[in-house]
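This is a predicted model, with the sequence first.
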Number of protein chains: 2
Amino acid sequence: MTYDTALAALADPTRRAVFERLRGGARSVADLARGMPVSRPAVSQHLKALKEAGLVRDEPRGAARIYRIHAEGLIELRAWLDTFWDDALTRFKAHAEGPDDDHA
Amino acid sequence: MTYDTALAALADPTRRAVFERLRGGARSVADLARGMPVSRPAVSQHLKALKEAGLVRDEPRGAARIYRIHAEGLIELRAWLDTFWDDALTRFKAHAEGPDDDHA
DNA sequence: GCTTACCGTTAGTAATGACTTACGATACTG
DNA sequence: CAGTATCGTAAGTCATTACTAACGGTAAGC
């Protein structure tokens, strides 16, 4: 999976809430949907998007499917964010050593 | 700014491309828009969204406005991502020390 | 085998967001 | 002061997305 699919998957507030609900451990769709302001099929659709983004994994357990967070799916996103820190740090060092040249 | 606004701001492919174009240094709207598949006002709108998310800053330079990346705007998003790593690490440790209990 | 529980998908609807064109405002130059 | 360059915004259009209701499939229990 790539960071752009992870970003897009996490951008939706409801989908992100579904994702965050999984922090407490693996849960079923019905379990997740309880207490949420949207219907169970909507939660199922969001879980599908999170799965396609590589952020969650599921496994069958009887008629239910148990979903859990797949933290590895966030690796690329985190690495991408870090490149901006590296940029800022490089720029800071260059500034400390001499005049800043904005355009490479 | 909060991580949810940063996520939403970066989720759009075109807006993210605008953001990434700024890695090379501060640039004007017209400069950024050159070579992009959308119009200059569209780039301006995206820059507005990035600014509201705290991801870029601008300054006037004559009739032009110069935009540059504000990496500090990514702090909260990075911290939020790290909490998932912390969760995974905690869970791994607990697993190594004894039976895994999925539900807290 | 019927009932219950669970869930993914489809089709339809409504809301949202991305983009464009046009326009007016600001800054700079001659 | 007129012309040029730059840019943000408004209004309109269109595509995309989130959500619902309904349905059919699977698994388990009796």
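Yep, that arrived. Numbering: from 1, shown residues only, chains lettered A, B, ... in the order given.

which outside residues touch the lengthiest helix in chain A?
If you go by DSSP state H, chain A has its longest helix at helix A:75-97. Helix A:75-97 is contacted by residues A:1-3, A:6-7, A:100-101, B:23, B:69, B:71, B:74, B:77-78, B:81-82, B:85 when judged by Cβ atoms under 8 Å, 6 or more residues apart in numbering or on different chains. Bear in mind the C-beta positions are built from the backbone N, C-alpha and C, glycine included.

Over to stretch A:44-51?
A:9, A:12, A:14-15, A:18-19, A:29, A:32, A:56-58, A:67.

contacts with DNA strand D among those, please.
Contacts with DNA strand D within those, counted by Cβ under 7 Å from any atom of the strand: A:12, A:14-15.

Which ones among those lie within strands?
Per DSSP state E, strands hold no members of these.

Buried ones among these?
Buried members of these, scored by 16 or more other Cβ atoms under 10 Å in any protein chain shown, are A:12, A:15.

Sort out which one of the ones next to DNA strand D among the contacts of stretch A:44-51 lies nearest A:E52 for me.
Sorting these by how near they are to A:E52, with Cβ to Cβ, puts A:R15 at the top with 11.4 Å.

of the contacts of helix A:75-97, buried ones?
Among the contacts of helix A:75-97, those buried by neighbour count (16+ other Cβ under 10 Å) are A:1, A:3, A:6-7, B:69, B:71, B:74, B:77-78, B:81.

Show me which residues of chain A sit near DNA strand C.
For chain A, the residues in contact with DNA strand C (Cβ under 7 Å from any atom of the strand) are A:28-31, A:40-41, A:44-45, A:47-48, A:58, A:63-66.

Who wins on neighbours among the residues you listed?
Highest neighbour count within those, by other Cβ atoms under 10 Å in any protein chain shown: A:L47, with 22 neighbours.

Flag every residue of chain A that's near DNA strand D.
A:11-12, A:14-15, A:37-39, A:41-42, A:45-46, A:49, A:60, A:62-63.

Mark which of those are part of strands, please.
Counting by DSSP E, those contribute A:P60 to strands.

Just flag the most distant two among the residues of chain A next to DNA strand D.
A:A11 and A:G62 (32.9 Å).

Quick one: residues contacting the closest residue to A:A64 other than its chain neighbours.
Here the nearest residue to A:A64 in space, its sequence neighbours aside, is A:S28; by Cβ to Cβ, 6 or more residues apart in numbering or on different chains that works out to 4.4 Å. A:S28 makes contact with A:61, A:64-67 under the criterion Cβ under 8 Å, 6+ apart.
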